[in-house]
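Student: just need the structure, nothing else, for what follows:
(chains A, B and C)
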Amino acid sequence: MQKVETEALLKIKDIRKSFGSNEVLKGINLELNEGEVVALIGGNGAGKSTLMKIIMGIYQQDAGDLFIHGVKTDLSKSSLALANGIYLVPQEPMLFPNMTVEENIAMGFNENKIEMHKKIVDMIAHLGWDLKLDRRANTLSIAEQQLVEILKGLLRESRILIFDEPTSSLSFNEAESLFELIEDLKKKNIGIFYITHRLSEVFEIATHVAIMRDGIVSLSGAVSEFDKSHLVKALLPPGSELKTAGESTAVDYSKAKPMLELKDFSGYGFSGLNFEVYPGEILGVAGVVGAGRTEFATTIFGMDKVKGGKVLLDGEDITGMGTRKVLDKGINYVPEDRFLNGIFKIRETGWNISSAQLRNMSKIFLNKKAEKELADKYINDFRIKVTSQDQLMGSLSGGNQQKAVIARALSTNPKVVILDEPTRGIDAGARGDVYSIIGKLKQQGVAVLLISSDLEEIVELSDRAISMYQGRINHTFPKEKIDLDNLTAASFGVYEEGE
Amino acid sequence: MNNFGKTMKSKLLSWEMLLVVVLVLEIIIFGQINPRFLRINVLMGSINDFISICVISLFVTFVMITGGIDIQAGSIIGLTSITVGMLWQDKGLNIWVAAIFAIVVGLLCGLLSGFFVAYTGVQPMVVTLGGSFLYSGLALAVVNMSSSEAYEGIGGFPESFMKLSSGNVAGIPNQLIIFIALIIISYILLHKTKYGRYVFLCGVNPSASEYSGIRVKPIIMSTYGLSGMSASIAGLILTSYLGSAKSDLGATYTLPIITAVVLGGTSNTGGKGGVIGTAIAAVVIGILKFGLNMSGMPSQYLDIPVGILLIVVLTFRMTSSNPAVVAKFKKLTGKK
Amino acid sequence: MNVVKKLFKAREISSFLCLLAMFLLVGLVNPSFLKPQNIMLCFNGSIVYILIAVGMAFVILTGEIDCSIGAQLGLAAAVCATFLKNEAPWGVAILLALLVGLVCGTINGFGVTVLHIPSIIMTLGTNGIYRGLIYVYTQGKWVENLPAGFKGLAQTNIFGNLCWFFVMDLVIMLLVFLYLRKTRHGKRFAAVGDNEMGADLIGIPVARTKMLAFIICGAFSALGAVLYVSRVGFVTAISGNGYEMKAIAACVIGGISLSGGVGTVAGATIGGIIMASISRLLVFLKISSDYDNTITGILLIAIVVIDSLAQRRSVEKARRERLAARVTETEGGADHE
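Tutor: Below is the predicted model of the structure:
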């Protein structure tokens, strides 16, 4: 028994997992001890979520074992994982929307109702949260829903908590209170896996860090051993360097006439936006998730109602036009959520590329020749890796899918292109290709709005940058002022002029 | 992996080929059991029994490609039938004018349901369930307006209208000609026009379609209009064939229609499929029922093989596309 | 927030008000409709519908659908009636009917949870199969001349001319209501329909719950079949035809959402009574009962459309409020919409 106590809380030994021919985890070894926060970082497709789902019993590993306090443990079902004190706080809250907060928490517990109620009330009081138990889950904000999820984990007296990008949908203040909570949990000797995309968080709350890349752990150890540049290096494939758009030509603003102008533009999630984009200019838009970046872009694109102000395209008022009209006028948008709004997964790559331009190429009957030429052109130009344009979109890698979505946006020959997180979750090679596409657009005199959470990308590419904070533009940066520190500070609302 | 696109395409092609093989096998087997079955006029004439299913399933394919379902087509058949009869007998309209009017009624019925599906976000299943109540009820209401009794039906149509089902051109029954014409029309519409492409895209990902500037809602609505219209055409043919207009024709067609579409290779979740597969599948089902009937199986039994066929096809498709199901199945049956 | 809560609670209340309004309106036109005797007849007419709607509610709560219960009911009724006719003990006949229901439900559940066939298609298929089996079993003949005592069960009244089966239905409904709302096990059904992934994550066996829902649904169809046999007194090959549609409509009218997770069996019961009363209402309005289906169709579409639009609006409103809350109010151009 004595020996068991010294063993790690959770030991992950040589876990392997494949989906079809795609090997997602190639032998993962990790340890988690009591009171540790292990930050798991890595790009999309690196295998973080898969690994966590295996621990949680949602997936089963193909090979390898899991040990809890040194005892090999079967976690092949979520009920087994729960019984072993493991709880995953999912990235997207998984509440029952039609049940109350209390019912949501009590669901799946075996205590009697009165005891349970007391426990929940005590726990909330202890945490000092403001959460009404009789509210229905679908009236809660995302942050509140996440609090409920965390409560569920805490009430189970879990020994191991897994947070999957918890701050991605939280506001700055909410994130701060989450960090305090995690500090508290550390003291209670709970072991925590913390998946994140934000390196700054690692240094803020984690005790240990593990970087995953292509199904392996490329670096792990105590946080104190590393600094940011170590982590960035470990995230990149060996030998690669950040590709850039090449030598960018400065925009001559003196003679330029703005291509896109926003005047006091307001809508749901943003207010009073004023800026302009010039032909051949890349305007970077920085800001944390929820700052209103995507919202203003989709509103320009005719997806939501305009509350006030004006949008001018090449001097023409296009405020409040529907998506088709906006497309015809010469704006196109590459959506943030590729799977939801971007790709036609079960159809051919060619169909994907042509879908927006189809109606200009054919009246009633499809012009298959023109369609094929269009698709071939972009497949060659963008180096989209396919066997033929008939290859199904779903079988392409994320980077190639993204290139196809960008191709679709450019196929309408827009004067303004809005790119929303164009390189999220794609590999370094594809990233370089996307950057060179953006560079070409600039040369062709297209006005580019580049919305990105990857601030380095904005630094690298932008001619000018604006930052958004809580629905408003809080700063505008000329080229020489764009650097990581300034953008980060502005995104979090702490930038001061003249720094 | 690299040949994924191609293999999918050839797989689909071979699926249609497989259906043809099944069809040929059916004809051979039933021919063995009852040689009369092989007579060309019997075989061609058999289409009378299942033309409605063939015609409607062609256009229900459109609905299912958008990810929807249509269980109201049967009730539109009855409504069309009684409408044409009433207009002709009680209002004294020319039979063909009445027929066109009835087709418009079918179109409107379909569009109404389609409107609710596309614009209010209610599940297609519920809307078309409500539609089937509503249109079969309306059919009875039309009967009440008419001077004749419901159970008798309206008969005595002019010769030209009766020719719709009984006539032939160069020995080919008119019904078969209509069917082939509709196959060609629906094939061109679905696979060769921009509209057809939009039907597919809306089925795969409506949101991405919106971002591509496609008007998703009218497209979805229109597919229900098409299937309503096809149900009217089926209703006219059936009325002509039976020689009497009745309000309750077609009440039992939902199962064979959905089976034909699914058997034809159209995905029940939308985005994939085609009318050629549906057309062949509809004939496979029709011949199956006809052949079994000729081999002595009472016609009331015939939903059993059709139901089994539907489930077997889907089981096959689900297990082949989802390895988890296979694993689960193996576990359950205790193998390995 | 309170409004939302009330709205939620009002789901079956609003169905009840709908029922009340229908009765009162008809009563205005024809006061004799509101005589207790007549209202009890409406209730008596609903004894089968209530049971199948309650059974259906289990399936719909889990987010699935069962289009085969009409045929299940017919098959169970045919078996029950045949054994009764051959002078088997009543208990045996009833148990055999239940067995039929259980087997039918199990087959449906197997197809949906193990073979992963979408429930609408699976049950559309089995509906055809079960219906065909009725023909095979009865040879297309009527099953009649049942023991008078058994038929008499449905004629046994308590409280005036209220059939005791109706009271039995209410008791069953109440028990099911308590089971689904108050017990941990019963709450699983709504949880699975409300958020399948979430249910899985907290260890609820999703597939087993759905399977159970189909089996229970089959059992209720069979129970409905027993009442059907007693009430109607004979069984034909088309007995129960279209009952699946009536049951679905009853659930929807009773406030059960077809997307799963929302609604109660109390609502289903009210829906069942409404479905059974429409043709009677029409008679008292001196309108042909042929309009029964028309009214049902309009009612069904109207209810789901209004419900869906209201839900969409509230979701959209919540989204917009959430987005608006993120925007800081500064001096220039800040608006309060």
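Student: for chain A, what are the nearby residues on the stretch 101-250 of chain B?
Tutor: Taking C-beta under 8 Å from any C-beta of the partner chain as the contact definition, the stretch 101-250 of chain B meets chain A at B:188, B:192-198, B:200-201, B:204-205, B:207-215. Just so you know, the C-beta spots here come from the backbone N, C-alpha and C atoms, and that holds for glycine as well.
Student: checking A:Q389 next. Helix, strand or coil?
Tutor: coil (DSSP: H, G, I helix; E, B strand; the rest coil).
Student: wait, what's in contact with it?
Tutor: Applying C-beta atoms under 8 Å, 6 or more residues apart in numbering or on different chains, one finds that A:Q389 lies in contact with A:348-350, A:353, A:372, A:375-376, A:379.
Student: and with 10 Å instead?
Tutor: Going by C-beta atoms under 10 Å, 6 or more residues apart in numbering or on different chains, A:Q389 touches A:348-354, A:371-372, A:374-376, A:378-379, A:404, B:5.
Student: would you map the strands across chain B?
Tutor: Counting by DSSP state E, chain B has strands at residues B:154-155, B:168-169, B:172-173, B:244-245.
Student: pLDDT (mean, whole number) over the second one?
Tutor: In this case it means strand B:168-169. Strand B:168-169 shows a mean pLDDT of 80.
Student: re earlier: using ChimeraX, define a selection of the buried residues within the contacts of A:Q389.
Tutor: Remark: buried members of the contacts of A:Q389, expressed as a ChimeraX selection using 16 or more other C-beta atoms under 10 Å in any protein chain shown:
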select /A:348,349,350,351,352,353,354,371,374,375,378,379,404 /B:5
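Student: tell me which of the contacts of A:Q389 is nearest to B:N144?
Tutor: Using C-beta to C-beta, A:W351 is the member of the contacts of A:Q389 that lies nearest B:N144, at 49.9 Å.
Student: and that closest one, what pLDDT?
Tutor: Note for A:W351: predicted pLDDT of 92.
Student: what distance do you get for it to A:L366?
Tutor: In this view, A:W351 and A:L366 are 10 Å apart by C-beta to C-beta, to the nearest Å.
Student: same question for A:G287.
Tutor: Relative to A:L366, A:G287 is positioned 41 Å away (C-beta to C-beta).
Student: so these two - more neighbours on which side?
Tutor: In this view A:G287 and A:L366 are compared by other C-beta atoms under 10 Å in any protein chain shown, and A:G287 has more residues nearby, 28 against 19.
Student: please report phi then psi for the more buried one.
Tutor: Backbone torsions for A:G287, taken as degrees, to the nearest 10, come to phi 140, psi 150.
Student: ok, it touching A:A489?
Tutor: No - A:G287 sits out of contact with A:A489 when judged by C-beta atoms under 10 Å, with a separation of 11.9 Å.
Student: which neighbours do these two share?
Tutor: Common neighbours of A:G287 and A:A489 (criterion: C-beta under 10 Å, 6+ apart): A:S467.
Student: after the least confident helix or strand in chain A by mean pLDDT comes which helix or strand?
Tutor: Least confident helix or strand, chain A: helix A:2-6 with a mean of 49, by mean pLDDT, DSSP states H and E. Of the helices and strands lying after helix A:2-6 in sequence (DSSP states H and E), the nearest is strand A:10-19.
Student: off-centre distance for that next one?
Tutor: 25 Å (C-alpha atoms, centre = their mean, to the nearest Å).
Student: from the contact counts, what lies against it?
Tutor: Helices and strands touching strand A:10-19, by 3 or more C-beta pairs under 10 Å, 6 or more residues apart in numbering or on different chains; DSSP states H and E, are strand A:22-32, helix A:48-55, strand A:63-68, strand A:71-72, strand A:191-196.
Student: buried by neighbour count: which residues of stretch C:236-255 qualify?
Tutor: For stretch C:236-255, the neighbour count (16+ other C-beta under 10 Å) marks C:236-241, C:243-255 as buried.
Student: in helices, which of the residues you listed appear?
Tutor: The helices, defined by DSSP state H, take in C:243-253 from those.
Student: closest one of those residues to A:G322?
Tutor: Nearest to A:G322 among those: C:V252, at 33.1 Å, using C-beta to C-beta.
Student: for C:L223, which three-state class applies?
Tutor: helix.
Student: how much space between it and A:K372?
Tutor: 61 Å.
Student: kindly report the same for A:R293.
Tutor: 36 Å.
Student: where does the chain dip in pLDDT?
Tutor: Since you didn't name a chain, this refers to chain A. By pLDDT under 70, the low-scoring segments of chain A are A:1-6, A:20-22, A:43-45, A:168-173, A:197, A:232, A:235-250, A:289, A:497-499.
Student: nope, chain C
Tutor: Those would be C:1-10, C:328-337, if you go by pLDDT under 70 across chain C.
Student: hang on, the earlier thing: ok, which of the helices and strands packed on strand A:10-19 comes nearest B:F37?
Tutor: Using C-beta to C-beta, those put strand A:22-32 closest to B:F37, at 50.9 Å.
Student: adjacent strands (with direction) for the following helix or strand past the closest one?
Tutor: Downstream of strand A:22-32, the first helix or strand assigned by DSSP H and E is strand A:37-41. Strand A:37-41 has the following strand partners under DSSP bridges: strand A:191-196 (parallel), strand A:208-213 (parallel).
Student: which among those is found nearest to C:L170?
Tutor: Set against C:L170 and scored by C-beta to C-beta, the strands paired with strand A:37-41 come closest in strand A:191-196, at 51.7 Å.
Student: for chain C, what's the nearest residue on the stretch 151-300 of chain B?
Tutor: Closest contact between the stretch 151-300 of chain B and chain C, by C-beta to the nearest C-beta, is at B:Q300 (4.0 Å).
Student: state the pLDDT value of that residue.
Tutor: According to the prediction, B:Q300 has pLDDT 81.
Student: could you check how far it is from chain A?
Tutor: 39 Å (C-beta to the nearest C-beta, to the nearest Å).
Student: that residue contacts C:T236, doesn't it?
Tutor: No - counting by C-beta under 10 Å, B:Q300 sits too far from C:T236 to count as a contact (11.1 Å).
Student: check which helix or strand the residue lying closest to C:M211 once chain neighbours are set aside maps to.
Tutor: Nearest non-adjacent residue to C:M211, counting by C-beta to C-beta, 6 or more residues apart in numbering or on different chains: C:G109, 3.9 Å away. Element membership of C:G109 [criterion: DSSP H and E] is helix C:90-113.
Student: name the helices or strands packed onto that helix?
Tutor: Helix C:90-113 packs on helix B:303-321, helix C:47-61, helix C:69-85, helix C:119-138, helix C:148-153, helix C:206-232, going by 3+ C-beta pairs under 10 Å, 6+ apart.
Student: redo that, cut-off 6 Å
Tutor: If you count contacts as 3 or more C-beta pairs under 6 Å, 6 or more residues apart in numbering or on different chains; DSSP states H and E, helix C:90-113 packs onto helix C:69-85, helix C:119-138, helix C:206-232.
Student: which one of these is the most hemmed in?
Tutor: Comparing the helices and strands packed on helix C:90-113 by mean neighbour count (mean count of other C-beta atoms under 10 Å in any protein chain shown), helix C:69-85 ranks first with a mean of 28.
Student: what about that one and chain B, touching?
Tutor: No - using C-beta under 6 Å from any C-beta of the partner chain, helix C:69-85 never reaches chain B; the gap is at least 9.0 Å.
Student: contacting residues around B:S57?
Tutor: The contact partners of B:S57, by C-beta atoms under 6 Å, 6 or more residues apart in numbering or on different chains, come to B:257, B:260-261, B:278, B:282.
Student: go ahead and flag the most central residue of the chain.
Tutor: You didn't pick a chain, so chain A it is. The centroid of chain A falls nearest to A:R424 when counting by C-alpha atoms, centre = their mean (6.6 Å).
Student: nope, chain C
Tutor: By C-alpha atoms, centre = their mean, chain C has its centre lying nearest to C:A53, at 1.7 Å.
Student: distance of that residue from B:I304?
Tutor: Look at C:A53 and B:I304: by C-beta to C-beta, they are 27 Å apart.
Student: repeat for C:S279
Tutor: Distance, C:S279 to B:I304, using C-beta to C-beta: 32 Å.
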